[in-house]
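> Test case, fold it:
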Amino acid sequence: MTQPVTTHQAEEDARNEAILIWVNGALKPKAEALVSVYDSGFMLGDGVWEGLRLYNGRWAFLDEHLDRLFEAARAIDLDIGRTKDDLAAALEETREANSMVSDAHARLMVTRGVKTRPFQHPSLSRQGPTLVIIMEHSRPAIPRPVRLATVPHMRGLPMTQDPKLNSHSKLNCILACIAAEKAGADEALMLDVHGFVNTTNACNFFIVRKGEVWTSTGDYCMNGITRRKVIELCRANAIPVFERNFSLVDCYGADEAFLSGTFGAQTPVGLIDGRVIGTGETGPVTARIRKLYKHLVGA
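This next block holds a predicted model:
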């Protein structure tokens, strides 16, 4: 039986047991990096976050990630209480404290902070936001193209919980991933409210048909920075790329499929709902985009 993998699978690295974690301005050992059980992020999933990758001493697309974080905070009426420069400096402080140069992954999280009572109303968070940066040595180690299974869970309409928000609350996506695993796949392929193929539970999704790269319209998926970079790379290198509606039938007959995300960059897809996609291995267009992206981030 093929062993399951995750799209965020990394090499084991013993150094991660000794990392320092940035919590509200203080660097703390892993065992002491704690937040309150009254924190609105723990209690309600009330917060936003970013994942960033370090390549050869440089955070890839740092400005875009900070822009997206502050835009999301504004959207949920959360005052981060610090500037973008402050958070960039906090990232650098954490990087230096952990002696990281490359192949590191940071998760920068902001919640509405500690509540005075264990209830939902945001006015109960009166102590200011909670900010945490977890930074780990992290070299992706995905041993094969991933397998996807279509699940009944959807990325919803913008008037419910806009899927463009990188919110702490990911229960819908977690339930989708559980359903996919129980179906024998690694990750879930989620449709939009109209039945078109949209995204996976953790990454953006692309197919390749007759040399053309297709991805969803972007209306119902995460506003992925890596997704945008893939589209820009295609346009800059004469690879036809389209943001459009497409169906599962289009996916089953695709020549290639791949995921995009900050951690894995571009992850090939070998199987969807039991159907082998192309040869089941990394296709030539995916390989070319991976090479272009690697050059872009200086990996």
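
> For the rest of this, base every contact and every neighbour count on C-alpha atoms.
Will do.

> All the strands of the stretch 151-299 of the chain, in order from the start?
Listed in chain order, the strands of the stretch 151-299 of the chain (DSSP state E, counting those that start in this stretch) span 187-191, 197-200, 204-209, 212-215, 241-243, 256-261, 265-272, 275-276.

> what's the next secondary structure element after the strand or helix carrying L52?
According to DSSP states H and E, L52 maps onto strand 47-55. Note on strand 47-55: by DSSP H and E, the next helix or strand toward the C-terminus is strand 58-59.

> Now do the helices in the stretch 151-299 of the chain.
Using DSSP state H, counting those that start in this stretch, the helices of the stretch 151-299 of the chain run over 158-161, 171-182, 225-236, 248-252, 284-297.

> one step back: hey, C-alpha coordinates of the strand holding L52 in CSV?
The C-alpha coordinates for strand 47-55 follow below in CSV (Å, rounded to 0.1, in the frame of the first residue of the first chain):
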residue,chain,number,x,y,z
GLY,A,47,-6.9,35.7,13.6
VAL,A,48,-4.9,35.8,10.4
TRP,A,49,-1.5,34.4,9.4
GLU,A,50,1.1,34.2,6.7
GLY,A,51,3.6,31.5,5.8
LEU,A,52,7.0,32.7,4.4
ARG,A,53,10.0,30.9,3.1
LEU,A,54,13.7,31.8,3.4
TYR,A,55,15.9,31.2,0.4
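
> rewinding a little: just so I know, which of the strands of the stretch 151-299 of the chain lies nearest K294?
Shortest distance between K294 and the strands of the stretch 151-299 of the chain, using C-alpha to C-alpha, is found for strand 265-272: 8.4 Å.

> pLDDT (mean, whole number) over that closest one?
In this model, strand 265-272 carries a mean pLDDT of 97.

> Kindly report the same for stretch 109-119.
97.

> measure stretch 193-210 end to end?
27 Å (C-alpha to C-alpha, to the nearest Å).

> And that stretch, what's buried?
By neighbour count on 16 or more other C-alpha atoms under 10 Å, the buried set for stretch 193-210 is 196-209.

> Surely W22 is in contact with E136?
No - in this structure W22 lies outside contact range of E136 using C-alpha atoms under 8 Å: 11.9 Å.

> quick revisit: dump the strands of the stretch 151-299 of the chain to JSON lines, plus distance to T83.
Shown next, in JSON lines, are the strands of the stretch 151-299 of the chain (distance: least, C-alpha to C-alpha, whole Å):
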{"stretch": "strand 187-191", "distance to T83": "35"}
{"stretch": "strand 197-200", "distance to T83": "32"}
{"stretch": "strand 204-209", "distance to T83": "29"}
{"stretch": "strand 212-215", "distance to T83": "34"}
{"stretch": "strand 241-243", "distance to T83": "34"}
{"stretch": "strand 256-261", "distance to T83": "25"}
{"stretch": "strand 265-272", "distance to T83": "28"}
{"stretch": "strand 275-276", "distance to T83": "47"}
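
> Quick check: which of those strands is nearest to A60?
Smallest distance to A60 across the strands of the stretch 151-299 of the chain (C-alpha to C-alpha): 11.1 Å, for strand 265-272.

> Does D77 fall in a helix, a strand, or a coil region?
coil (DSSP: H, G, I helix; E, B strand; the rest coil).

> i'd like the first residue to be 15 from this point on
Will do, 15 is the new start, and the previous item becomes D91.

> what about it, distance to E107?
Going from D91 to E107 by C-alpha to C-alpha gives 27 Å.

> ok, back up a step: by contact count, what packs against the strand holding L66?
helix 76-89, strand 118-125 (3 or more C-alpha pairs under 8 Å, 6 or more residues apart in numbering; DSSP states H and E).

> still on that earlier bit, of the strands of the stretch 165-313 of the chain, which approaches V146 most closely?
strand 270-275 (21.1 Å).

> ok and the closest one relative to strand 218-223, angle-wise?
Interaxial angle of strand 270-275 relative to strand 218-223 (axes from the mean of the first three to the mean of the last three C-alpha atoms, to 10 degrees): 160 degrees.

> and strand 270-275 with strand 61-69, angle?
110 degrees.

> could the buried residues of stretch 207-224 go into a markdown table alongside distance to G59 and pLDDT?
A markdown table is the format used below for the buried residues of stretch 207-224 (distance: C-alpha to C-alpha, whole Å; pLDDT from 0 to 100):
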| residue | distance to G59 | pLDDT |
| --- | --- | --- |
| F210 | 28 | 96 |
| V211 | 27 | 97 |
| N212 | 23 | 96 |
| T213 | 21 | 96 |
| T214 | 20 | 97 |
| N215 | 17 | 96 |
| A216 | 17 | 94 |
| C217 | 20 | 96 |
| N218 | 22 | 97 |
| F219 | 25 | 98 |
| F220 | 29 | 98 |
| I221 | 32 | 98 |
| V222 | 36 | 98 |
| R223 | 38 | 98 |
